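Engineer: coords below, sequence missing:
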(Lines give C-alpha, C1' and ligand atoms only; values in the text may rest on other atoms or scores of the structure.)
Protein backbone atom coordinates (compact mmCIF):
# COMPACT_ATOMS: atom_id res chain seq x y z
CA UNK A 1 0.00 0.00 0.00
CA UNK A 2 1.41 3.41 -0.95
CA UNK A 3 0.35 6.98 -1.57
CA UNK A 4 1.94 9.69 -3.69
CA UNK A 5 1.89 12.81 -1.54
CA UNK A 6 3.46 15.30 -3.94
CA UNK A 7 5.87 15.81 -6.81
CA UNK A 8 7.65 19.11 -6.39
CA UNK A 9 10.99 20.62 -7.46
CA UNK A 10 12.17 17.39 -9.03
CA UNK A 11 11.36 15.23 -6.00
CA UNK A 12 8.49 12.87 -5.25
CA UNK A 13 7.27 12.20 -1.70
CA UNK A 14 5.65 8.83 -1.03
CA UNK A 15 4.26 6.97 1.93
CA UNK A 16 4.76 3.21 2.01
CA UNK A 17 3.46 0.46 4.26
CA UNK A 18 4.87 -2.93 5.24
CA UNK A 19 1.98 -4.87 6.72
CA UNK A 20 2.06 -6.15 10.29
CA UNK A 21 1.92 -9.71 8.96
CA UNK A 22 4.94 -9.21 6.68
CA UNK A 23 6.83 -7.34 9.40
CA UNK A 24 6.37 -10.14 11.94
CA UNK A 25 7.22 -12.81 9.39
CA UNK A 26 10.46 -10.97 8.55
CA UNK A 27 11.35 -10.65 12.26
CA UNK A 28 10.77 -14.36 12.83
CA UNK A 29 12.86 -15.26 9.79
CA UNK A 30 15.74 -13.08 11.01
CA UNK A 31 15.38 -14.53 14.51
CA UNK A 32 15.65 -18.11 13.22
CA UNK A 33 18.74 -17.18 11.24
CA UNK A 34 20.51 -15.01 13.81
CA UNK A 35 19.08 -15.87 17.24
CA UNK A 36 21.94 -18.23 18.17
CA UNK A 37 24.42 -15.34 17.88
CA UNK A 38 23.01 -13.51 20.92
CA UNK A 39 23.84 -15.20 24.25
CA UNK A 40 21.32 -14.79 27.06
CA UNK A 41 22.22 -15.84 30.65
CA UNK A 42 20.31 -18.99 31.62
CA UNK A 43 19.60 -20.04 28.04
CA UNK A 44 21.50 -22.33 25.70
CA UNK A 45 22.56 -20.79 22.36
CA UNK A 46 19.55 -20.39 20.11
CA UNK A 47 16.98 -21.26 22.79
CA UNK A 48 16.09 -17.79 24.08
CA UNK A 49 12.88 -16.34 22.60
CA UNK A 50 12.95 -13.48 20.14
CA UNK A 51 11.30 -11.14 22.63
CA UNK A 52 13.83 -12.03 25.33
CA UNK A 53 16.72 -11.25 22.98
CA UNK A 54 15.04 -7.97 21.94
CA UNK A 55 14.68 -6.98 25.59
CA UNK A 56 18.40 -7.45 26.16
CA UNK A 57 19.88 -6.26 22.85
CA UNK A 58 17.27 -3.77 21.62
CA UNK A 59 14.14 -3.83 19.51
CA UNK A 60 16.04 -3.42 16.24
CA UNK A 61 18.40 -6.34 16.80
CA UNK A 62 16.63 -8.43 14.14
CA UNK A 63 16.25 -5.65 11.60
CA UNK A 64 18.28 -7.38 8.93
CA UNK A 65 18.12 -8.37 5.29
CA UNK A 66 14.60 -9.83 5.59
CA UNK A 67 13.18 -6.48 6.66
CA UNK A 68 15.33 -4.62 4.16
CA UNK A 69 13.82 -6.84 1.48
CA UNK A 70 10.30 -5.96 2.68
CA UNK A 71 11.04 -2.23 2.52
CA UNK A 72 12.70 -2.52 -0.90
CA UNK A 73 9.73 -4.49 -2.21
CA UNK A 74 7.25 -1.90 -0.92
CA UNK A 75 9.35 0.90 -2.40
CA UNK A 76 9.65 -0.78 -5.82
CA UNK A 77 5.92 -1.46 -5.92
CA UNK A 78 5.20 2.18 -5.04
CA UNK A 79 7.42 3.43 -7.89
CA UNK A 80 5.67 1.10 -10.31
CA UNK A 81 2.17 1.98 -9.01
CA UNK A 82 2.71 5.72 -9.44
CA UNK A 83 4.86 5.46 -12.59
CA UNK A 84 7.86 7.15 -11.00
CA UNK A 85 11.37 6.83 -12.46
CA UNK A 86 13.79 7.31 -9.56
CA UNK A 87 17.26 8.61 -10.40
CA UNK A 88 18.92 8.27 -7.00
CA UNK A 89 18.56 6.23 -3.82
CA UNK A 90 15.62 7.56 -1.76
CA UNK A 91 15.72 9.37 1.56
CA UNK A 92 13.82 7.09 3.97
CA UNK A 93 12.07 8.04 7.21
CA UNK A 94 10.33 5.41 9.38
CA UNK A 95 7.25 7.06 10.86
CA UNK A 96 5.99 3.94 12.69
CA UNK A 97 7.43 0.52 13.47
CA UNK A 98 5.24 -1.88 15.47
CA UNK A 99 4.05 -5.44 15.37
CA UNK A 100 0.49 -4.20 15.63
CA UNK A 101 0.53 -1.85 12.65
CA UNK A 102 3.63 -2.90 10.70
CA UNK A 103 6.08 -0.38 9.27
CA UNK A 104 5.05 3.04 7.95
CA UNK A 105 7.61 4.81 5.76
CA UNK A 106 7.98 8.23 4.19
CA UNK A 107 10.24 8.20 1.15
CA UNK A 108 11.58 11.18 -0.74
CA UNK A 109 13.12 10.43 -4.12
CA UNK A 110 14.72 12.48 -6.89
CA UNK A 111 12.80 11.68 -10.07
CA UNK A 112 14.01 11.55 -13.64
CA UNK A 113 13.99 15.06 -15.11
CA UNK A 114 11.25 15.95 -17.56
CA UNK A 115 12.65 16.67 -21.01
CA UNK A 116 10.96 19.24 -23.21
CA UNK A 117 12.12 18.29 -26.66
CA UNK A 118 12.70 20.98 -29.23
CA UNK A 119 13.32 20.44 -32.93
CA UNK A 120 15.26 17.24 -33.61
CA UNK A 121 13.87 16.36 -37.03
CA UNK A 122 14.59 18.54 -40.02
CA UNK A 123 17.72 20.02 -38.45
CA UNK A 124 19.85 21.87 -40.98
CA UNK A 125 23.43 20.64 -41.16
CA UNK A 126 26.01 21.31 -43.85
CA UNK A 127 27.47 18.50 -45.92
CA UNK A 128 31.09 18.03 -44.89
CA UNK A 129 33.77 16.77 -47.24
CA UNK A 130 37.50 16.28 -46.78
CA UNK A 131 39.62 15.76 -49.88
CA UNK A 132 42.82 13.76 -49.53
CA UNK A 133 45.78 15.56 -51.10
CA UNK A 134 48.97 14.13 -52.56
CA UNK A 135 50.86 15.78 -49.71
CA UNK A 136 48.77 13.91 -47.16
CA UNK A 137 49.42 10.62 -48.94
CA UNK A 138 53.16 11.35 -48.98
CA UNK A 139 53.11 12.28 -45.28
CA UNK A 140 51.30 9.07 -44.33
CA UNK A 141 53.71 6.95 -46.35
CA UNK A 142 56.65 8.71 -44.68
CA UNK A 143 55.09 8.07 -41.27
CA UNK A 144 54.81 4.36 -42.08
CA UNK A 145 58.40 4.24 -43.30
CA UNK A 146 59.59 5.98 -40.15
CA UNK A 147 57.61 3.51 -38.02
CA UNK A 148 59.88 0.68 -39.24
CA UNK A 149 63.06 2.73 -39.28
CA UNK A 150 66.22 1.43 -37.61
CA UNK A 151 69.09 3.33 -35.98
CA UNK A 152 72.79 3.18 -36.69
CA UNK A 153 75.55 4.48 -34.43
CA UNK A 154 77.89 7.07 -35.96
CA UNK A 155 81.28 8.51 -34.99
CA UNK A 156 80.83 12.24 -35.66
CA UNK A 157 79.53 15.37 -33.88
CA UNK A 158 75.84 15.68 -32.99
CA UNK A 159 73.57 16.96 -35.76
CA UNK A 160 69.93 17.93 -35.94
CA UNK A 161 67.77 14.78 -36.08
CA UNK A 162 70.28 12.53 -34.30
CA UNK A 163 69.32 10.27 -31.40
CA UNK A 164 71.80 11.01 -28.63
CA UNK A 165 72.30 8.99 -25.44
CA UNK A 166 73.75 11.04 -22.60
CA UNK A 167 73.86 11.82 -18.87
CA UNK A 168 72.70 15.16 -17.50
CA UNK A 169 72.48 16.91 -14.15
CA UNK A 170 70.75 20.25 -13.58
CA UNK A 171 72.04 22.93 -11.22
CA UNK A 172 70.33 26.03 -9.88
CA UNK A 173 73.26 28.06 -8.69
CA UNK A 174 75.54 25.60 -6.89
CA UNK A 175 72.67 23.31 -5.88
CA UNK A 176 71.58 20.30 -7.93
CA UNK A 177 67.79 20.47 -8.24
CA UNK A 178 65.38 17.57 -7.89
CA UNK A 179 64.10 15.95 -11.09
CA UNK A 180 66.88 17.39 -13.24
CA UNK A 181 69.17 14.36 -13.35
CA UNK A 182 69.26 11.23 -15.52
CA UNK A 183 71.73 8.69 -16.86
CA UNK A 184 71.75 7.09 -20.34
CA UNK A 185 68.88 9.29 -21.46
CA UNK A 186 68.05 9.14 -25.18
CA UNK A 187 66.83 12.27 -26.95
CA UNK A 188 66.13 13.07 -30.58
CA UNK A 189 67.75 16.42 -31.30
CA UNK A 190 65.20 18.77 -32.81
CA UNK A 191 62.20 17.10 -31.15
CA UNK A 192 61.84 20.09 -28.78
CA UNK A 193 61.26 17.70 -25.90
CA UNK A 194 63.49 19.67 -23.51
CA UNK A 195 63.23 23.31 -22.54
CA UNK A 196 64.20 25.87 -25.24
CA UNK A 197 67.91 26.09 -25.91
CA UNK A 198 68.89 22.69 -24.51
CA UNK A 199 68.88 20.66 -27.71
CA UNK A 200 70.37 23.43 -29.83
CA UNK A 201 73.43 23.60 -27.54
CA UNK A 202 74.05 19.86 -27.93
CA UNK A 203 74.63 20.21 -31.67
CA UNK A 204 78.34 19.75 -32.37
CA UNK A 205 79.13 17.68 -29.27
CA UNK A 206 81.26 14.54 -29.69
CA UNK A 207 81.05 11.14 -28.03
CA UNK A 208 82.67 11.34 -24.60
CA UNK A 209 82.47 15.14 -24.52
CA UNK A 210 81.12 17.04 -21.51
CA UNK A 211 79.49 20.44 -21.83
CA UNK A 212 77.63 22.93 -19.61
CA UNK A 213 74.33 23.99 -21.20
CA UNK A 214 72.94 27.31 -19.97
CA UNK A 215 69.15 27.53 -20.30
CA UNK A 216 66.22 29.42 -18.77
CA UNK A 217 63.01 27.71 -17.68
CA UNK A 218 59.77 29.23 -19.07
CA UNK A 219 57.93 31.66 -16.80
CA UNK A 220 54.89 29.33 -16.74
CA UNK A 221 56.89 26.19 -15.89
CA UNK A 222 54.88 23.92 -13.58
CA UNK A 223 57.61 23.69 -10.93
CA UNK A 224 57.34 27.16 -9.41
CA UNK A 225 60.82 27.11 -7.86
CA UNK A 226 62.30 26.73 -11.37
CA UNK A 227 59.92 28.95 -13.37
CA UNK A 228 61.84 31.74 -15.09
CA UNK A 229 65.14 30.65 -13.51
CA UNK A 230 68.50 30.37 -15.28
CA UNK A 231 70.05 26.93 -14.72
CA UNK A 232 73.01 24.90 -15.93
CA UNK A 233 72.80 21.31 -17.19
CA UNK A 234 76.07 19.38 -17.12
CA UNK A 235 75.90 16.95 -20.05
CA UNK A 236 78.05 13.93 -21.01
CA UNK A 237 77.46 12.31 -24.43
CA UNK A 238 77.72 8.50 -24.66
CA UNK A 239 76.56 7.68 -28.18
CA UNK A 240 75.14 9.23 -31.35
CA UNK A 241 72.80 7.39 -33.71
CA UNK A 242 71.07 8.27 -36.96
CA UNK A 243 67.68 7.07 -38.08
CA UNK A 244 67.73 4.84 -41.16
CA UNK A 245 64.38 5.21 -42.91
CA UNK A 246 63.82 2.52 -45.58
CA UNK A 247 63.54 3.67 -49.17
CA UNK A 248 60.12 3.66 -50.78
CA UNK A 249 60.58 0.88 -53.31
CA UNK A 250 58.91 -2.37 -54.33
CA UNK A 251 60.96 -4.32 -51.78
CA UNK A 252 59.71 -2.13 -48.92
CA UNK A 253 56.14 -2.41 -50.21
CA UNK A 254 56.26 -6.21 -50.37
CA UNK A 255 57.82 -6.48 -46.91
CA UNK A 256 55.32 -4.23 -45.14
CA UNK A 257 52.01 -4.53 -47.02
CA UNK A 258 49.81 -6.75 -49.15
CA UNK A 259 50.82 -4.83 -52.29
CA UNK A 260 53.60 -5.59 -54.80
CA UNK A 261 54.47 -2.20 -56.28
CA UNK A 262 54.90 1.35 -55.09
CA UNK A 263 52.08 2.47 -57.37
CA UNK A 264 49.67 -0.07 -55.85
CA UNK A 265 50.85 0.82 -52.36
CA UNK A 266 50.29 4.54 -52.90
CA UNK A 267 46.79 3.87 -54.25
CA UNK A 268 46.03 1.66 -51.24
CA UNK A 269 47.20 4.32 -48.77
CA UNK A 270 45.09 6.92 -50.55
CA UNK A 271 42.06 4.65 -50.36
CA UNK A 272 42.56 4.19 -46.60
CA UNK A 273 42.92 7.93 -46.06
CA UNK A 274 39.81 8.61 -48.16
CA UNK A 275 37.81 6.12 -46.09
CA UNK A 276 39.04 7.74 -42.89
CA UNK A 277 38.21 11.20 -44.26
CA UNK A 278 34.70 10.10 -45.22
CA UNK A 279 34.18 8.61 -41.76
CA UNK A 280 35.46 11.81 -40.14
CA UNK A 281 33.13 13.95 -42.26
CA UNK A 282 30.16 11.71 -41.46
CA UNK A 283 30.89 11.77 -37.72
CA UNK A 284 31.37 15.54 -37.64
CA UNK A 285 28.04 16.10 -39.39
CA UNK A 286 26.25 13.69 -37.04
CA UNK A 287 27.86 15.34 -34.01
CA UNK A 288 26.65 18.74 -35.21
CA UNK A 289 23.09 17.41 -35.68
CA UNK A 290 23.09 15.70 -32.28
CA UNK A 291 24.38 18.84 -30.56
CA UNK A 292 21.65 20.97 -32.17
CA UNK A 293 19.00 18.50 -30.99
CA UNK A 294 20.41 18.74 -27.47
CA UNK A 295 20.64 22.53 -27.58
CA UNK A 296 17.03 22.78 -28.79
CA UNK A 297 15.73 20.84 -25.78
CA UNK A 298 15.09 21.98 -22.22
CA UNK A 299 15.89 19.88 -19.15
CA UNK A 300 15.77 20.94 -15.51
CA UNK A 301 18.20 18.59 -13.76
CA UNK A 302 17.96 18.37 -9.97
CA UNK A 303 21.13 19.50 -8.20
CA UNK A 304 21.34 16.16 -6.34
CA UNK A 305 21.75 14.35 -9.67
CA UNK A 306 24.49 16.76 -10.70
CA UNK A 307 26.28 16.36 -7.36
CA UNK A 308 26.10 12.57 -7.67
CA UNK A 309 27.61 12.70 -11.15
CA UNK A 310 30.38 15.05 -10.01
CA UNK A 311 31.19 12.70 -7.13
CA UNK A 312 31.32 9.71 -9.49
CA UNK A 313 33.60 11.53 -11.94
CA UNK A 314 35.90 12.67 -9.16
CA UNK A 315 36.07 9.14 -7.77
CA UNK A 316 37.03 7.77 -11.20
CA UNK A 317 39.69 10.46 -11.55
CA UNK A 318 41.16 9.57 -8.15
CA UNK A 319 41.29 5.90 -9.17
CA UNK A 320 43.17 6.84 -12.36
CA UNK A 321 45.65 8.88 -10.34
CA UNK A 322 46.17 5.99 -7.92
CA UNK A 323 47.07 3.71 -10.81
CA UNK A 324 49.81 6.21 -11.66
CA UNK A 325 50.95 6.33 -8.04
CA UNK A 326 49.71 9.90 -7.56
CA UNK A 327 47.33 11.23 -4.90
CA UNK A 328 44.69 13.83 -5.62
CA UNK A 329 46.43 16.18 -3.20
CA UNK A 330 49.72 15.82 -5.09
CA UNK A 331 47.96 16.40 -8.40
CA UNK A 332 46.29 19.59 -7.16
CA UNK A 333 49.62 20.92 -5.91
CA UNK A 334 51.37 20.04 -9.18
CA UNK A 335 48.64 21.60 -11.32
CA UNK A 336 48.27 24.59 -8.99
CA UNK A 337 44.53 23.90 -8.59
CA UNK A 338 42.09 23.77 -5.68
CA UNK A 339 39.23 21.35 -4.99
CA UNK A 340 36.84 24.20 -5.86
CA UNK A 341 38.49 24.42 -9.30
CA UNK A 342 38.07 20.69 -9.84
CA UNK A 343 34.45 20.70 -8.68
CA UNK A 344 33.60 23.65 -10.90
CA UNK A 345 35.07 21.95 -13.98
CA UNK A 346 33.37 18.63 -13.20
CA UNK A 347 30.06 20.33 -12.48
CA UNK A 348 30.02 22.04 -15.86
CA UNK A 349 30.93 18.77 -17.58
CA UNK A 350 28.28 16.91 -15.57
CA UNK A 351 25.56 19.34 -16.60
CA UNK A 352 26.47 18.98 -20.28
CA UNK A 353 26.75 15.19 -20.15
CA UNK A 354 23.55 14.69 -18.17
CA UNK A 355 21.53 16.96 -20.44
CA UNK A 356 22.82 15.07 -23.48
CA UNK A 357 21.89 11.71 -21.93
CA UNK A 358 18.37 12.76 -20.97
CA UNK A 359 17.62 14.43 -24.31
CA UNK A 360 18.88 11.53 -26.39
CA UNK A 361 16.99 8.99 -24.27
CA UNK A 362 13.86 11.11 -24.67
CA UNK A 363 14.19 11.06 -28.47
CA UNK A 364 14.68 7.29 -28.40
CA UNK A 365 11.52 6.91 -26.29
CA UNK A 366 9.53 9.37 -28.39
CA UNK A 367 10.42 7.62 -31.64
CA UNK A 368 10.43 4.10 -30.12
CA UNK A 369 13.76 3.41 -31.79
CA UNK A 370 15.18 -0.10 -31.99
CA UNK A 371 18.64 -0.99 -33.33
CA UNK A 372 18.92 -3.01 -36.52
CA UNK A 373 21.54 -5.66 -37.29
CA UNK A 374 23.41 -3.00 -39.24
CA UNK A 375 23.48 -0.80 -36.13
CA UNK A 376 24.96 -3.70 -34.16
CA UNK A 377 27.56 -4.28 -36.87
CA UNK A 378 28.52 -0.59 -36.83
CA UNK A 379 28.81 -0.69 -33.04
CA UNK A 380 31.08 -3.74 -33.25
CA UNK A 381 33.28 -2.16 -35.94
CA UNK A 382 33.69 0.92 -33.75
CA UNK A 383 34.75 -1.12 -30.70
CA UNK A 384 38.31 -0.84 -29.43
CA UNK A 385 39.04 -4.51 -30.07
CA UNK A 386 37.79 -4.40 -33.67
CA UNK A 387 39.83 -1.31 -34.47
CA UNK A 388 42.95 -2.57 -32.72
CA UNK A 389 42.85 -6.03 -34.26
CA UNK A 390 41.42 -5.00 -37.67
CA UNK A 391 38.50 -7.43 -37.59
CA UNK A 392 37.32 -8.57 -41.02
CA UNK A 393 33.67 -9.17 -42.01
CA UNK A 394 33.75 -12.78 -40.83
CA UNK A 395 35.12 -11.85 -37.41
CA UNK A 396 32.48 -9.14 -37.02
CA UNK A 397 29.73 -11.59 -37.98
CA UNK A 398 30.99 -14.10 -35.39
CA UNK A 399 31.04 -11.41 -32.72
CA UNK A 400 27.48 -10.40 -33.62
CA UNK A 401 26.27 -13.99 -33.24
CA UNK A 402 28.10 -14.73 -29.98
CA UNK A 403 28.13 -11.44 -28.09
CA UNK A 404 25.26 -9.38 -29.47
CA UNK A 405 24.03 -8.25 -26.04
CA UNK A 406 27.42 -6.70 -25.21
CA UNK A 407 26.88 -4.06 -27.92
CA UNK A 408 23.20 -3.29 -27.21
CA UNK A 409 23.73 0.18 -25.73
CA UNK A 410 26.09 1.35 -28.47
CA UNK A 411 23.86 -0.17 -31.16
CA UNK A 412 20.93 1.84 -29.79
CA UNK A 413 23.07 4.97 -30.03
CA UNK A 414 23.90 4.08 -33.62
CA UNK A 415 20.19 3.74 -34.36
CA UNK A 416 19.59 7.18 -32.85
CA UNK A 417 22.43 8.81 -34.79
CA UNK A 418 21.23 7.21 -38.01
CA UNK A 419 17.67 8.41 -37.36
CA UNK A 420 18.78 11.99 -36.69
CA UNK A 421 21.03 12.05 -39.76
CA UNK A 422 18.33 10.60 -42.02
CA UNK A 423 15.85 13.22 -40.79
CA UNK A 424 18.24 16.16 -41.11
CA UNK A 425 18.37 18.43 -44.14
CA UNK A 426 21.40 19.80 -45.90
CA UNK A 427 22.05 23.42 -45.05
CA UNK A 428 21.86 25.71 -48.06
CA UNK A 429 25.02 27.50 -49.04
CA UNK A 430 24.89 31.23 -48.34
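Structural biologist: Sure, I can see it. Only a predicted model underlies this, so the values are computations on that prediction, with no experimental measurement involved. Numbering: from 1, shown residues only.
Engineer: the helix or strand residue 5 falls within: what's the following helix or strand?
Structural biologist: Assigned by DSSP states H and E, residue 5 falls within strand 2-8. Sequence order places strand 11-18 as the next helix or strand after strand 2-8, per DSSP H and E.
Engineer: quick one, helices of the stretch 101-250 of the chain?
Structural biologist: Assigned by DSSP state H, counting those that start in this stretch, the stretch 101-250 of the chain shows helices spanning 134-147, 198-202, 250-256.
Engineer: hang on, the earlier thing: how distant is the strand holding residue 5 from the center of its chain?
Structural biologist: Relative to the chain's own centre, strand 2-8 is displaced by 37 Å; criterion: C-alpha atoms, centre = their mean, to the nearest Å.
Engineer: what's the angle from it to strand 11-18?
Structural biologist: Relative orientation of strand 2-8 versus strand 11-18 (axes from the mean of the first three to the mean of the last three C-alpha atoms, to 10 degrees): 170 degrees.
Engineer: give the buried residues for strand 2-8.
Structural biologist: Across strand 2-8, burial judged by 16 or more other C-beta atoms under 10 Å covers residue 2. For every residue, glycine as well, the C-beta is placed using N, CA and C.
Engineer: can you offset everything so residue one is 7?
Structural biologist: Fine by me, first position is 7 from now on; the one you just mentioned is strand 8-14.
Engineer: strand partners (parallel or antiparallel) of it?
Structural biologist: strand 17-24 (antiparallel) (DSSP bridges).
Engineer: next SSE downstream of the partner strand?
Structural biologist: Per DSSP H and E, the first helix or strand lying C-terminal to strand 17-24 is helix 26-40.
Engineer: which positions in that following helix come out as buried?
Structural biologist: Neighbour counts over helix 26-40 (16+ other C-beta under 10 Å) mark 28-29, 32-33, 35-37, 40 as buried.
Engineer: output the contacting helices and strands for it.
Structural biologist: helix 56-63, helix 71-87, strand 108-116 (3 or more C-beta pairs under 8 Å, 6 or more residues apart in numbering; DSSP states H and E).
Engineer: tell me which residues are up against that helix.
Structural biologist: Here helix 26-40 makes contact (C-beta atoms under 8 Å, 6 or more residues apart in numbering) with 24, 56, 59, 68-73, 75-76, 103-109.
Engineer: for the record, mean pLDDT for stretch 306-322?
Structural biologist: When pLDDT is averaged along stretch 306-322, the result is 94.
Engineer: picking that back up, residues in contact with the strand holding residue 11?
Structural biologist: By C-beta under 8 Å, 6+ apart, the list of residues contacting strand 8-14 from outside reads 18-23, 80, 83-84, 87-88, 90, 117.
Engineer: hmm, which of these are the buried ones?
Structural biologist: Of these, these count as buried by 16+ other C-beta under 10 Å: 18-23, 80, 84, 117.
Engineer: what's the most distant pair in those?
Structural biologist: Pairwise distances across the buried ones among the contacts of strand 8-14 peak at 20.9 Å for 23 and 117 (criterion: C-beta to C-beta).
Engineer: deepest-packed of the helices and strands packed on helix 26-40, please.
Structural biologist: strand 108-116 (a mean of 19; mean count of other C-beta atoms under 10 Å).
Engineer: report the inter-axis angle for that strand versus strand 8-14.
Structural biologist: Strand 108-116 runs at 30 degrees relative to strand 8-14, counting by the same axes, to 10 degrees.
Engineer: so what does strand 108-116 touch, helix or strand wise?
Structural biologist: Here strand 108-116 touches strand 17-24, helix 26-40, helix 71-87, strand 97-104, going by 3+ C-beta pairs under 8 Å, 6+ apart.
Engineer: my read: residue 67 touches residue 44, true?
Structural biologist: Yes. Checked against C-beta atoms under 8 Å, the pair residue 67 and residue 44 is within contact range at 6.9 Å.
Engineer: now for those two: what residues contact both?
Structural biologist: Common neighbours of residue 67 and residue 44 (C-beta under 8 Å, 6+ apart) are residue 59.
Engineer: max-length helix in this protein?
Structural biologist: With secondary structure taken from DSSP state H, the chain has its longest helix at helix 268-301.
Engineer: give the buried residues for that one.
Structural biologist: 268, 271-272, 275-276, 279, 283, 291-292, 294-296, 298-300.
Engineer: coming back round to it: return the most buried member of the helices of the stretch 107-256 of the chain.
Structural biologist: Most buried of the helices of the stretch 107-256 of the chain, by mean neighbour count (mean count of other C-beta under 10 Å): helix 204-208, with a mean of 19.
Engineer: does anything pack onto that one? Which helices or strands?
Structural biologist: Using 3+ C-beta pairs under 8 Å, 6+ apart: helix 204-208 touches strand 216-222, strand 236-250.
Engineer: format these as JSON lines; extra columns: mean neighbour count and mean pLDDT.
Structural biologist: Below are the helices and strands packed on helix 204-208 laid out as JSON lines (neighbours: other C-beta atoms under 10 Å; pLDDT from 0 to 100):
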{"stretch": "strand 216-222", "mean neighbour count": "14", "mean pLDDT": "96"}
{"stretch": "strand 236-250", "mean neighbour count": "16", "mean pLDDT": "96"}
